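Participant: sequence? don't have it. structure:
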């Protein structure tokens, strides 16, 4: 069996919006083209602060939802349903 195209590795950085350090690392890796995607914790209290920065790397990486059922966030009124209905 011969391969006509080389294999491509897809690498997703998880937990964007969990904290500022993770956000900075994800953005840096995206700018360096070291990752191909990131998953976002949109129910995190930091999501509103973190989300705008993704615009600058949106053309470089795929952005997806980190479907989260176990990480509790103490911010009142933020739930997966609230986010999905926005």
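Facilitator: Now that the structure is in, tell me what you want to look at. Treat the numbers as computed from the prediction; the structure is a model and nothing was measured.
Participant: Which neighbouring elements make contact with the helix ranked longest in the chain?
Facilitator: Under DSSP state H, the helix in the chain containing the largest number of residues is helix 20-31. Applying 3 or more CB pairs under 8 Å, 6 or more residues apart in numbering; DSSP states H and E, we find helix 20-31 packed against strand 12-16. For the C-beta atoms, the positions are set from N, CA and C on the backbone; glycine is no exception.
Participant: pLDDT averaged over stretch 35-50, what's the number?
Facilitator: Mean pLDDT, computed over stretch 35-50, is 91.
Participant: Run the chain-centre distance for it.
Facilitator: 5 Å (CA atoms, centre = their mean, to the nearest Å).
Participant: okay, now residue 18: neighbour count?
Facilitator: 21 (other CB atoms under 10 Å).
Participant: that's a strand at it, yeah?
Facilitator: No. Under DSSP: H, G, I helix; E, B strand; the rest coil, residue 18 falls outside any strand and is assigned coil.
Participant: Am I right that it is in contact with residue 41?
Facilitator: Yes. Using CB atoms under 8 Å, residue 18 is in contact with residue 41, at 5.3 Å.
Participant: if we can go back for a sec, relative to strand 12-16, how tilted is the longest helix of the chain?
Facilitator: 150 degrees (axes from the mean of the first three to the mean of the last three CA atoms, to 10 degrees).
Participant: helices and strands around the next helix or strand after helix 20-31, which ones?
Facilitator: Using DSSP states H and E, the helix or strand that follows helix 20-31 towards the C-terminus is strand 37-40. Using 3+ CB pairs under 8 Å, 6+ apart as the contact test, the elements touching strand 37-40 are strand 12-16, strand 62-65.
Participant: in its sheet, what does the first one sit against?
Facilitator: I take that to be strand 12-16. strand 37-40 (parallel) (DSSP bridges).
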